[in-house]
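Asker: this one's sequence-less:
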C-alpha cells in the first residue's frame, strides 16, 4: 500500500471517529428537544458544549490539514467524482471554513447568539421590535465580520464566494450563489404573484373546514405512522416522537428520528408534518452507511435535503394518486370527522391556497413568497442597503405588495422567525430551493418510471423511493447540488417545474 | 492563591469535565435501554465505546497522577473529611485501580465479556450449562488475573485488600471485606433459615391472589408516579419510562431517570419496582450538585445505594403507615380489582413470604438467602475451592438446604443471573448489604424523627427524605459506607435490625 493510500485511510478513520462524536451530539440534541427534564437543561448545555468542543478540536487539528495537503498533491484524486477526490475536496472545504474563524470571534458569536435569541423570544412575546433591534444590529455586524473572514481566507478554489452574503450562503448551500437564486426567484415571483392574486380574487371559501374537525390524537399518530412506513421509512432504523418544534434528526446509520406534534382540531399539521420529516428521514436512511462520517456519506446541502421532504409532503402526499390509496383508509379511521366528505372535497381542502401572515402556516404556493421576501431583506440587511430601523416598515410593505396582507403587529411580522436571532443568514432561500428541486426531480421521476401514479394509487411507493435512493441519497456529497440536479434532470435550476405544479394546485384548490 | 490550591482547582476542573463526559455515556446508555431502534445498535456500540475510551484516557492521564502526588504531599489534606482530602483520597483510589490494569488485559476482559455473555444467553435459553461452563472458566481465570493486579500494585494505603475476592469486592463496595460480610451474613442466615422454615410449615395460602387481578397499565403508571412524587422524587429533574429491565440512571444534576415495566396481571412488579428505583433516584437527586463529577458529589457504594432503594420499597413502601395513606387511593383507582378487599388482606398479600427459585421474584425475606448462596459460591469459584464442574450440583444442594426448594433445571438454577457472565464477581453481596443498611438506618430514623409513621399515614414523607438527604445523600463519598453507618447509627453492621423487620414481615404475611 502506498504512503498516500495509508494517509487517506488514516484520514477516513479520523473522519469517521469525528463523525461518531458528532452523532453523540445528535443524540444529546434530540433528547433535549424531546425528553429532557426542565432542571436538566444546565447539565445538558454542559454536555453538548463539551462534545461540540471536542468535535471542533478534533476536526480543526493541524493533523487533518497535513493529511489533506499530502493527498491534494498526490495522484489519488484523478477521478473528481471518485470516493477519494470527493472526500478530500469536501473535507478541505469544511476544514478551511472551520479553521478560518479566529477562536475569539467564534466565542463572541456564540455569546451573542444566546443573548440575541433571548432578546428575540422576549421581543416576540411582547411584539416589541425595539427590544430586538440592537441585538439584530450586533448580530449583523458579527455576521459581516464572519463572512469577511471567509472572503479573505487563503486557498486556491476558483469557485469561492466573492460577496458577504454568498460567503454565508455557502455554509448552507455549498456552491450556490445569490445571483443565481435571484434569477430563479424572480421568474417564480413573476408568475406566482398574479396566480395568487387570481385565487384571492375568487373570494373566501370554507373548503378547509373539513381539516379542522376532531381528529383523535392516537388515530392521527397511527395514520401518520402507517403513511410514513408505506412511503418507505424504516421504523426498525428510526422512531417517531413528539416535540414542540417538529424536526428530523439523522443521528447515524440505523438511527433516524422524526418528531411531530398533534392538534386534535387539525388534520394537516401532524400528517403532512410527518410526511415532510419522513422525507428528510428517507434521505438519511438512504445515505451509504459504509461512508458514515465522511462527505461521501453526508447530505449534499439543505436545499437538496428540503427537496426530499417537500417532494413527499406536497408532490406525493397531496397528490390524487396518493389519496386514491389513503382516502378509504382515512375515512375508515376518522369516520365521524369525514362522514359524507367526498374525495374531491378532500383534495380541494388540502390544496387550498390563501395568503396569510405566518410562514410556517402558509400553503405550498404562498410559502415561496414568504421566503423570497426574507431572502431579499436579509441580503439588504447584511450588505447595509436596509437599516434595522427600516426593517418592520419594509417587511409590512412587501407583505402587502406580494401577498395583499396587512401585518397587524411585528410579532406576526418581522419577529415571527427564529433564524436571524440565531445568526442564520443565508438559510431561508434553501426552503424555496427545496421546492424548486423537488418539482424538477419529480417531473424527471415521472418520466423515468412508468406509471408512477398507478403505483401510488395501489399504495406502492417503492419505485420512487428506490429512484431517489439511487439518484440522490446514495450519492452523498459526490456532486454539488447544482451538478446533481443537472446530472439527474439534464436541466439547470428553473422555476418552470414548480410553477407547473403550483398551477395544478391552484386548480384543484379552486375546484371546490 | 497557593500553588497547591491552584493544582487542586485544576484537578477539580478536570474531574468535572471527565464527569460530564461520563454523564454523556449515561445518556447513551439510558437511550439504548429505553428507545434505541434495533438497527441502531451497531452505531450505539461505536458511540458508547468512543465516549468510554475518551473518558478512560482522560481519567488515567499521567497529569492526574502528578496532581494527586503534589496534593498528597501538601498541607491541604489536614481535615480527612474536608472536601480536598476526600476528593484527593477517593480519586487516588479510583485512579490507582484504573491505571493498574495493563491495556492488554482490559482488552482481553472486554472481549471475553462479550463472548461470555452471548454464551450465557444461549445457555440459559436452552438450559444448557455445558455451553456456558468453558466461558465461565475463562472468565474466572481473567478475574483472578485482574484481582492479582490490584493486589500486587504499589501504593501505601494500609487498608488495601489482601485476598482475590476482596480486591474485586473493592470495586463495588470500597472498604468492605468478605470476612466482615461472612460474619454478618452468618448471623442473618442462622436466624432466617428457621424463620422461613416456620413460615413454609404453615402451608400454602392464596393470600397473594389479589395482587394478580387485572390492573390497567395506565392506572398502574399514574399510581406509581403519584407514589414516587409523594415520597419526594422530583419529576422536573427526572423521568419515568419503560424498559425491559428496570433501572435508575443518575445522569447528573437535574436529570435522573427511572424505568419500570408493566404487567396488567401483577400489581407488585411496577409499583414496588418504581418505589425501589425512586429510592435510588432520591439518592441521585440528593447528591450535592456543586460537587458533580468529584467524589464529594458521588454515591458512597453499591450497598449504600441499595439501602436507599430497599428502604423506600420495603421498609416504607410495604409498611402499614404508608398504606394508611395509599390504600384508599388504590381502592379508588383499582375499584374493580380491589372491591371487597380489606386493608389487612392487602397487607398480608404484600408481605407474603414463600421460598421460590428465582432471585428477582423473591420476597424480601427469602431474597437474602439467594444472595448469601451466590456470595459463598462466587468466593469458592474464584479462590478455586469449587470447580465450575461442580457448580450446578452445589447450587441445587444449597437451594434445597436453605430454601427447601428443588431446582428443576439450570436455567432456573445457576444460569438465572447475568452477573457472572459479565465478570461481576463481588457484586451480589451488595444487595443484602443494602437490606442490612436499610433496616439499620430506618430504625435510627424512627428514633431521630418523632412520629415518623404518623407523618407517613398523612402522606407526608418529607421528614424521612430530608433526614436521608442530610445524613447520606449530601455526604457524597465523604465517609466510607462503614464509617457512614457508624456515624449515623453509632452501630457496626449487624443482622439484628433487618431480622427485627423480617420477623414483623413474617407476622403480617402470615396473619391472613
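Answerer: Looks like it came in fine. Note that the structure is predicted; figures quoted are calculated from it, not measured.
Asker: check the offset of the helix or strand where residue A:49 lies from the chain's centre.
Answerer: Assigned by DSSP states H and E, residue A:49 belongs to helix A:41-59. Relative to its chain's centre, helix A:41-59 lies at 24 Å (CA atoms, centre = their mean, to the nearest Å).
Asker: so for it, what's the average pLDDT?
Answerer: On average, the pLDDT along helix A:41-59 is 94.
Asker: now for it, which elements pack on it?
Answerer: helix A:3-34, helix A:83-100, helix B:3-34, strand B:248-252 (3 or more CB pairs under 8 Å, 6 or more residues apart in numbering or on different chains; DSSP states H and E). Backbone N, C-alpha and C define where each C-beta goes, glycine included.
Asker: and those: which comes nearest residue B:490?
Answerer: For the helices and strands packed on helix A:41-59, the distance to residue B:490 is smallest for strand B:248-252, at 29.0 Å, taking CB to CB.
Asker: adjacent strands (with direction) for that closest one?
Answerer: Partners of strand B:248-252 in the sheet, by DSSP bridges, are strand B:255-260 (antiparallel).
Asker: and the next helix or strand past the partner strand?
Answerer: helix B:268-286.
Asker: now that following helix and strand B:255-260, what's the angle there?
Answerer: 170 degrees (axes from the mean of the first three to the mean of the last three CA atoms, to 10 degrees).
Asker: give me the average confidence score over the helix or strand following helix B:268-286.
Answerer: Remark: after helix B:268-286, the chain's next helix or strand is helix B:302-310, criterion DSSP H and E. Helix B:302-310 shows a mean pLDDT of 98.
Asker: same for the very next helix or strand once past helix B:302-310, what does it pack against?
Answerer: Next along the chain after helix B:302-310, taking DSSP H and E as the criterion, comes helix B:320-333. Here helix B:320-333 touches helix B:217-230, helix B:343-350, helix B:452-457, going by 3+ CB pairs under 8 Å, 6+ apart.
Asker: could you check how far residue A:482 is from chain B?
Answerer: Look at residue A:482 and chain B: by CB to the nearest CB, to the nearest Å, they are 31 Å apart.
Asker: run a quick neighbour tally on that residue.
Answerer: 21 (other CB atoms under 10 Å in any protein chain shown).
Asker: ditto for the one 5 residues further on
Answerer: Each residue near residue A:487 was counted by other CB under 10 Å, and the total is 13.
Asker: now it, nearest residue through space, not along the chain?
Answerer: residue A:479 (6.1 Å; CB to CB, 6 or more residues apart in numbering or on different chains).
Asker: shouldn't the one you found be within a strand?
Answerer: No. Counting by DSSP: H, G, I helix; E, B strand; the rest coil, one finds residue A:479 to be coil, located in no strand.
Asker: whatever helix or strand residue A:371 lives in - contacts with which helices or strands?
Answerer: Using DSSP H and E, residue A:371 sits in helix A:367-382. Judged by 3+ CB pairs under 8 Å, 6+ apart, helix A:367-382 is in contact with helix A:129-152, helix A:164-169, helix A:178-201, helix A:391-403, helix A:429-448.
Asker: repeat that with 6 Å
Answerer: helix A:164-169, helix A:391-403, helix A:429-448 (3 or more CB pairs under 6 Å, 6 or more residues apart in numbering or on different chains; DSSP states H and E).
Asker: related to what we said a few turns ago, show the backbone phi and psi for the residue nearest to residue A:487.
Answerer: According to degrees, to the nearest 10, the main-chain angles of residue A:479 amount to phi -120, psi 160.
Asker: and it, how far from residue A:15?
Answerer: 19 Å (CB to CB, to the nearest Å).
Asker: same question, residue A:48
Answerer: 21 Å.
Asker: out of these two, which sits in the busier spot?
Answerer: Of the pair residue A:48 and residue A:15, residue A:15 is the one with more neighbours under other CB under 10 Å, namely 24 against 17.
Asker: what's near enough to touch that one?
Answerer: A:293-294 (CB atoms under 6 Å, 6 or more residues apart in numbering or on different chains).
Asker: one step back: of the helices and strands packed on helix A:41-59, flag the one that's most buried.
Answerer: Greatest average neighbour count among the helices and strands packed on helix A:41-59 goes to strand B:248-252 (a mean of 25), per mean count of other CB atoms under 10 Å in any protein chain shown.
Asker: before we move on, the earlier item: mean pLDDT added to the helices and strands packed on helix A:41-59, as CSV?
Answerer: Supplementary listing: the helices and strands packed on helix A:41-59 in CSV, determined by pLDDT from 0 to 100:
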stretch, mean pLDDT
helix A:3-34, 96
helix A:83-100, 95
helix B:3-34, 96
strand B:248-252, 98
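Asker: only the buried residues of stretch A:197-210, if you could.
Answerer: A:199-200, A:207-208, A:210 (16 or more other CB atoms under 10 Å in any protein chain shown).
Asker: any idea how chain A splits into domains?
Answerer: A:1-100, A:179-510 (automatic domain parsing).
Asker: please tabulate the ones you listed in CSV, including the columns distance to residue B:308.
Answerer: As requested, these are exported to CSV (distance: least, CB to CB, whole Å):
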stretch, distance to residue B:308
domain A:1-100, 20
domain A:179-510, 31
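Asker: ok so, going back, make a markdown table out of the helices and strands packed on helix A:41-59 and add distance to residue B:85.
Answerer: A markdown table is the format used below for the helices and strands packed on helix A:41-59 (distance: least, CB to CB, whole Å):
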| stretch | distance to residue B:85 |
| --- | --- |
| helix A:3-34 | 34 |
| helix A:83-100 | 44 |
| helix B:3-34 | 11 |
| strand B:248-252 | 24 |
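Asker: need the contact list for the most centrally placed residue in chain A.
Answerer: Per CA atoms, centre = their mean, the C-alpha nearest to the average position across chain A is that of residue A:306, at 4.1 Å. The neighbourhood of residue A:306, defined by CB under 6 Å, 6+ apart, consists of A:430-431, A:434.
Asker: ok, 10 Å please
Answerer: A:173, A:276, A:279-280, A:283, A:313, A:430-438 (CB atoms under 10 Å, 6 or more residues apart in numbering or on different chains).
Asker: ok, which pair from the residues you listed is furthest apart?
Answerer: A:173 and A:313 (19.8 Å).
Asker: residue numbers of the stretch 51-200 of chain A in contact with chain B?
Answerer: Within the stretch 51-200 of chain A, the positions near chain B by CB under 10 Å from any CB of the partner chain are A:51, A:53-54.
Asker: nearest to residue B:37 among these?
Answerer: Checking those one by one against residue B:37 (CB to CB), the nearest turns out to be residue A:51, at 21.2 Å.
Asker: tell me how far the closest one lies from residue A:19.
Answerer: 13 Å.
Asker: what is the neighbour count of residue A:462?
Answerer: Burial measure for residue A:462: 12 neighbouring residues, criterion other CB under 10 Å.
Asker: same check on residue A:40?
Answerer: Neighbours of residue A:40 using other CB under 10 Å come to 26.
Asker: wait, doesn't it sit right on residue B:26?
Answerer: No. Using CB atoms under 10 Å, residue A:40 is not in contact with residue B:26; the gap is 11.2 Å.
Asker: overlap in contacts of the two?
Answerer: By CB under 10 Å, 6+ apart, the residues touching both residue A:40 and residue B:26 are A:47, B:251-252, B:255, B:257.
Asker: could I get those residues as JSON lines with distance to residue B:510?
Answerer: Below are the shared contacts of residue A:40 and residue B:26 laid out as JSON lines (distance: CB to CB, whole Å):
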{"residue": "A:47", "distance to residue B:510": "51"}
{"residue": "B:251", "distance to residue B:510": "42"}
{"residue": "B:252", "distance to residue B:510": "45"}
{"residue": "B:255", "distance to residue B:510": "43"}
{"residue": "B:257", "distance to residue B:510": "38"}
